[in-house]
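Asker: predicted model and sequence follow; I will ask about them next.
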Amino acid sequence: MKLFNADSATEKFLRRFAGGTSRRGMLARVGTALVAAPVFPLLPVSRAGAAKPDRSPEAKTAFARNAQTKDENACDYWRYCAIDGSLCTCCGGGIHSCPAGAEPSPVSWVGTCINPDDGKAYMIAYRDCCGKPMCNQCECDNTDRETQLYVPQLNNNIIWCFGTQSMEYHCSTAVMVGPA
């Protein structure tokens, strides 16, 4: 019984390959591959991210189906889809500004909310206002598309007063960053 000899099989394959190719031909193929490689990302490919998001009522979350655009002091205001805490609009501040004496946190968590008036999605940055006792007015806990705590920039269960003079939470704002 004859055993398989890897060395002789490899040698036989490489000799056959070398006999059928020339150095110039091999250099031409390597050169073509080097020139063509940067072009591959430009080729038209069906990408999942290129598909338009489904904005039909059935595809919307429960919050997006019931959101309104009139009352900034209500928890169902469209920008508050992922807010957790007291609304600064009820605590002497605005939708994007802290009340007097409170300091905005330099860090925020984000959410993507759908404006029911135009049907478009917008990225909203939620910032905690810190340095005053908790407001305890207009408490909201909206968890639309909230992620687990291991993705902290999309989780609203953290007190986001990092980088401020005081870690004492007062209220939260909802600043529109732009279209999502």
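Answerer: Looks like it came in fine.

Asker: now do the domain split for this protein, please.
Answerer: Per automatic domain parsing, the structural domains of the chain span 7-42, 62-179.

Asker: okay, how far is it across the longest one, tip to tip?
Answerer: When the termini of domain 62-179 are compared using C-alpha to C-alpha, to the nearest Å, they are 21 Å apart.

Asker: same question for that domain, mean pLDDT?
Answerer: For domain 62-179, the mean pLDDT works out to 87.

Asker: related to what we said a few turns ago, could I get the domains of the chain in CSV, plus columns for mean neighbour count?
Answerer: (Each C-beta comes from the backbone N, C-alpha and C, glycine too.) Shown next, in CSV, are the domains of the chain (neighbours: other C-beta atoms under 10 Å):
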stretch, mean neighbour count
domain 7-42, 9
domain 62-179, 17
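
Asker: can you pull out the helices in the protein?
Answerer: Remark: helices assigned in the chain by DSSP state H are 6-20, 23-36, 62-66.

Asker: JSON lines for the ones you listed, including distance to G93?
Answerer: Converted to JSON lines, the helices of the chain look like this (distance: least, C-beta to C-beta, whole Å):
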{"stretch": "helix 6-20", "distance to G93": "74"}
{"stretch": "helix 23-36", "distance to G93": "57"}
{"stretch": "helix 62-66", "distance to G93": "23"}
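
Asker: show me the one of these that comes nearest E72.
Answerer: Between E72 and these, the tightest spacing by C-beta to C-beta is seen for helix 62-66, at 15.7 Å.

Asker: who touches the closest one?
Answerer: Defining contact as C-beta atoms under 8 Å, 6 or more residues apart in numbering, one finds that helix 62-66 is touched by 57, 76, 78, 81, 113-114, 116, 142, 144.
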